[in-house]
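Trainee: Show me the folded form of this:
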Amino acid sequence: MAAATLPIVMNIALAALFAMSYVAIAVLHPTQRAAAWFAASYFVGMLTPIGMLGLSYTTLVRPYGTMVFFGFAGGLLLMVPGLAVFYRQRIPWRVIAAITAVTFAAGYA
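Mentor: This is a model prediction of the structure:
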């Protein structure tokens, strides 16, 4: 899968750029709390293409496959509080906890 290396590396770089952009917004404008959640989401989501890159160059399927699954799920789950803060809604912690529990059960099944 060496041909897919460049797009995967570009995906990692793009996620890093988004994450660092949101970090800059969070640092420069502390009242924008959603930016910190978005940055965390992109940092965790960056584990998915890193895991894909690891899958393509090693035979360690279990750890990198787990990294891909939980990186994607974690990035999506961290986006929920960020969107709730952005839209000035209460963060649905119970729903997030339930989805996290189901995600861990599915990931380790």
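
Trainee: drop to CA atoms for contacts and neighbour counts, all remaining ones
Mentor: Noted.

Trainee: after the longest helix seen in the chain comes which helix or strand?
Mentor: If you go by DSSP state H, the chain has its longest helix at helix 61-86. Going down the chain from helix 61-86, the next helix or strand is helix 93-107, by DSSP states H and E.

Trainee: and the angle from that following helix to helix 61-86?
Mentor: Angle, helix 93-107 to helix 61-86, by axes from the mean of the first three to the mean of the last three C-alpha atoms, to 10 degrees: 170 degrees.

Trainee: So which elements touch helix 93-107?
Mentor: Contacts defined by 3 or more C-alpha pairs under 8 Å, 6 or more residues apart in numbering; DSSP states H and E place helix 93-107 against helix 61-86.

Trainee: now for the helix it packs on, which elements pack on it?
Mentor: Helices and strands touching helix 61-86, as assessed by 3+ C-alpha pairs under 8 Å, 6+ apart, comprise helix 33-45, helix 47-57, helix 93-107.

Trainee: Go through the longest one and flag the buried ones.
Mentor: Judged by neighbour count using 16 or more other C-alpha atoms under 10 Å, the buried positions of helix 93-107 are 100, 103.

Trainee: Likewise for stretch 53-69?
Mentor: Buried positions in stretch 53-69, judged by neighbour count with 16+ other C-alpha under 10 Å: 53-55, 64-65, 67-69.

Trainee: what about R62, distance to A16?
Mentor: 25 Å (C-alpha to C-alpha, to the nearest Å).

Trainee: so T103 sits right up against A73, yeah?
Mentor: Yes - the criterion here is C-alpha atoms under 8 Å, and T103 meets it with A73 at 7.3 Å.

Trainee: Relative to M46, how far out is G65?
Mentor: Note on G65: its distance to M46, by C-alpha to C-alpha, is 14 Å.

Trainee: repeat for Y108
Mentor: For Y108, the distance to M46 - C-alpha to C-alpha - is 21 Å.

Trainee: This completes my enquiry, with thanks.
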